[in-house]
Each structure stands twice: as C-alpha cells, then as structure tokens.
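> Here's my sequence, what's the structure:
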Amino acid sequence: MSRARRLVAESGTKGQPVTIWFYDIPVGRRNGAYFASVLKSLGYDVHLELVPHTGPTWRPNRQAGVGGWVPDYPSAGGVFSSHFSCDSFSPNPKTNQNYSGLCDRHVDAQVAHATALETTNPSAASTLWASIDRQVTNDAPWVTMRADLSTDFVSRRVGNYTFCWLAGVTGYTGACLDQLWVR
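The predicted structure is shown next:
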C-alpha cells in the first residue's frame with residue numbers, strides 16, 4: 001500500500017473524486033464498500049453508486065465499475081482479444097466487452113502475432129503471451145477481484161478423470177463426464 005500511495009501522489013491524482021459503480025445486491029454492496037475503502041486509503045475522494053443487477057455496470061463516462069467474464073475456453077487469445085483490444089470496444093453498453101476502453105494498436109498486433117504463432121511455434125507464442133500479459137497488467141485497465149475455480153471430488157473408484165473447461169464454467173462440474181468410468 002505504501003508503494004501504491006506513493007504512485008498516487010506522483011500521479012497528481014490524490015484527492016480527486018472517484019465514483020465507482022457496483023450492483024445493489026449483498027455481494028455488490030460488500031465488494032463496493034471494500035473497493036471504496038481501498039481507494040479512500042490511497043487518498044481519493046470516493047463515492048459508491050449502487051445500481052440494479054441488470055447488466056454490466058459499465059457505461060460511457062463512468063470511472064469504475066464491476067463486471068464479470070467467464071471464458072468459453074482458457075486461452076490467452078480469448079482474454080486479450082475479447083477484453084483488451086481496440087476491436088472489442090463499443091460505446092454501446094449492451095455490446096461492449098472492453099469495459100476499460102483499452103486500445104493499444106501495438107498490443108493488438110502482438111496478440112495477432114501470438115495467435116498465429118500458437119500453431120507453428122507454441123514456445124515462442126507462450127513467451128509473447130507472457131510479454132503481452134505484462135504490458136496489459138502494467139497498464140492496469142482493470143482490477144481482478146475474484147477468479148472462480150471449479151473443483152471436482154472423485155473417489156478411488158473413478159478412472160479417466162479429465163477436467164473439461166466448458167463444463168466448469170457452468171459451475172456444476174468441471175469433469176468430462178463422457179470420459180469417466182466408475183468401478
């Protein structure tokens with residue numbers, strides 16, 4: 001926190017008003033209050049605005065909000081292409097997936113290059129994805145508050161367990177049920 005406070009002071013933004021938008025549901029109120037307390041401890045004049053849970057809190061000209069995303073497949077390209085690319089931004093709240101509004105043509109070009117490398121040189125693609133991740137993380141377009149994981153418990157009688165990502169996003173199970181066998 002001391003480093004964060006120093007960076008805020010160096011940025012010249014200390015004391016500025018910040019409005020954050022969270023859902024008016026129990027978890028939204030708790031998370032919003034926590035997020036507001038962190039920003040206040042960094043020196044900002046924070047106002048928490050609670051809105052109905054009817055869609056993303058993002059709207060044009062809002063400073064900070066909350067949203068969720070569940071990948072259909074766990075790939076770096078899916079994350080960066082759908083949420084941090086120039087093409088993924090739309091001013092329409094109903095179709096926008098790039099809530100941060102991040103548009104960096106250099107990052108877009110690197111994403112395209114890493115995607116192309118995945119089939120011909122996976123090792124080079126992995127290195128490039130790590131570089132892209134560092135660049136976007138350093139830009140800090142959003143703050144991750146929670147990452148959901150799906151957990152399966154199996155007995156010794158179960159064999160050929162494989163985790164299926166698509167099953168995992170439903171929240172019911174992560175097991176590839178069509179591949180299991182039970183003694």
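
> From now on I want contacts and neighbour counts done on CA atoms only, so please keep to that.
Will do.

> Please, which helix or strand holds the residue nearest to the spatial centre of the chain?
Central residue check for the chain by CA atoms, centre = their mean: the C-alpha nearest the mean position is that of T144, 5.5 Å away. When secondary structure is defined using DSSP states H and E, no element contains T144, which sits outside every helix and strand.

> roughly how far apart are it and A4?
Here the distance between T144 and A4 works out to 16 Å (CA to CA, to the nearest Å).

> repeat for A109
Taking CA to CA as the measure, A109 and A4 are separated by 31 Å.

> quick one: the strands in this structure?
Counting by DSSP state E, one finds strands in the chain at the ranges 17-23, 45-51, 64-65, 158-159, 181-182.

> mind putting those in TSV, mean neighbour count, mean pLDDT and distance to S100 included?
Written out in TSV, the entries for the strands of the chain read as follows (neighbours: other CA atoms under 10 Å; pLDDT from 0 to 100; distance: least, CA to CA, whole Å):
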stretch	mean neighbour count	mean pLDDT	distance to S100
strand 17-23	20	91	13
strand 45-51	17	94	18
strand 64-65	20	81	9
strand 158-159	12	92	43
strand 181-182	11	91	45
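
> would CSV of those with distance to R30 be doable?
Output for those, formatted as CSV (distance: least, CA to CA, whole Å):
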stretch, distance to R30
strand 17-23, 9
strand 45-51, 11
strand 64-65, 14
strand 158-159, 40
strand 181-182, 42
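
> in the protein, what secondary structure element scores lowest on mean pLDDT?
In the chain, no helix or strand scores lower on mean pLDDT, DSSP states H and E than helix 165-168, which sits at a mean of 50.

> Restricting the selection to alpha carbons, write the lengthiest helix in the chain to PDB.
With DSSP state H applied, the helix covering the greatest number of residues in the chain is identified as helix 122-139. Taking only C-alpha atoms (Å, rounded to 0.1, in the frame of the first residue of the first chain), the coordinates of helix 122-139 have been written out as PDB:
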ATOM      1  CA  PRO A 122       3.900 -22.700 -29.300                       C
ATOM      2  CA  SER A 123       7.000 -21.900 -27.200                       C
ATOM      3  CA  ALA A 124       7.500 -18.600 -28.900                       C
ATOM      4  CA  ALA A 125       3.800 -17.900 -28.600                       C
ATOM      5  CA  SER A 126       3.900 -18.600 -24.900                       C
ATOM      6  CA  THR A 127       6.800 -16.100 -24.500                       C
ATOM      7  CA  LEU A 128       4.900 -13.500 -26.400                       C
ATOM      8  CA  TRP A 129       1.700 -14.100 -24.400                       C
ATOM      9  CA  ALA A 130       3.700 -13.500 -21.200                       C
ATOM     10  CA  SER A 131       5.100 -10.300 -22.600                       C
ATOM     11  CA  ILE A 132       1.600  -9.100 -23.600                       C
ATOM     12  CA  ASP A 133       0.300 -10.000 -20.200                       C
ATOM     13  CA  ARG A 134       3.000  -7.900 -18.500                       C
ATOM     14  CA  GLN A 135       2.200  -4.900 -20.800                       C
ATOM     15  CA  VAL A 136      -1.500  -5.000 -20.200                       C
ATOM     16  CA  THR A 137      -1.000  -5.700 -16.400                       C
ATOM     17  CA  ASN A 138       1.300  -2.600 -16.200                       C
ATOM     18  CA  ASP A 139      -1.400  -0.500 -18.000                       C
END
